[in-house]
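Asks: this one's structure only:
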């Protein structure tokens, strides 16, 4: 049963504390990408030659895994908003 609205938080992580396992997975994925930069670039180049939109979509999805999310619930991130806007502009150009 859920606590009443306005009830103080008891137990668990403190509000705004990042999930440790997600942080570790992001770090591992980042290392994997750094270690395979040349391969990833070649794969994206080949994909972009056949389907530019799909290549951009894949790149944006990879970035979403590495770019930090806002910590506090409801917090806005100008950096993430900028990335999202740039991705939309690129997708619009591709068609």
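Replies: Nice, thanks for sending it over. These figures come from a predicted structure and were not determined experimentally. Numbering: from 1, shown residues only.

Asks: In the chain, what residue spans correspond to helices?
Replies: Along the chain, the segments classed as helices by DSSP state H run 20-35, 37-50, 52-66, 78-94.

Asks: and residue 54, how far is that from residue 48?
Replies: Taking Cβ to Cβ, to the nearest Å as the measure, residue 54 falls 8 Å from residue 48. C-beta coordinates here come from the backbone N, C-alpha and C atoms, glycine included.

Asks: ok, the two, which is more surrounded?
Replies: For the pair residue 54 and residue 48, the greater number of neighbours falls to residue 48 (16 against 13), based on other Cβ atoms under 10 Å.

Asks: Name the nearest residue to the more buried one, sequence neighbours excluded.
Replies: Nearest residue to residue 48 in three dimensions, chain neighbours excluded: residue 55, at 3.8 Å (Cβ to Cβ, 6 or more residues apart in numbering).

Asks: the bottom helix or strand of this structure by mean pLDDT?
Replies: Across the helices and strands of the chain, mean pLDDT, DSSP states H and E gives its lowest value to helix 78-94, namely a mean of 70.

Asks: residues near the residue nearest to residue 48, how many?
Replies: Quick note: residue 55 (other Cβ under 10 Å) scores 19 neighbours.

Asks: How about the one 5 residues further on?
Replies: The number of residues packed around residue 60, counting by other Cβ under 10 Å, is 17.

Asks: now swap in residue 67 and tell me
Replies: 13.

Asks: roughly how far apart are it and residue 5?
Replies: 33 Å.

Asks: about what we covered before: present the helices of the chain as JSON lines; the columns should include distance to residue 11.
Replies: Shown next, in JSON lines, are those (distance: least, Cβ to Cβ, whole Å):
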{"stretch": "helix 20-35", "distance to residue 11": "16"}
{"stretch": "helix 37-50", "distance to residue 11": "41"}
{"stretch": "helix 52-66", "distance to residue 11": "29"}
{"stretch": "helix 78-94", "distance to residue 11": "30"}
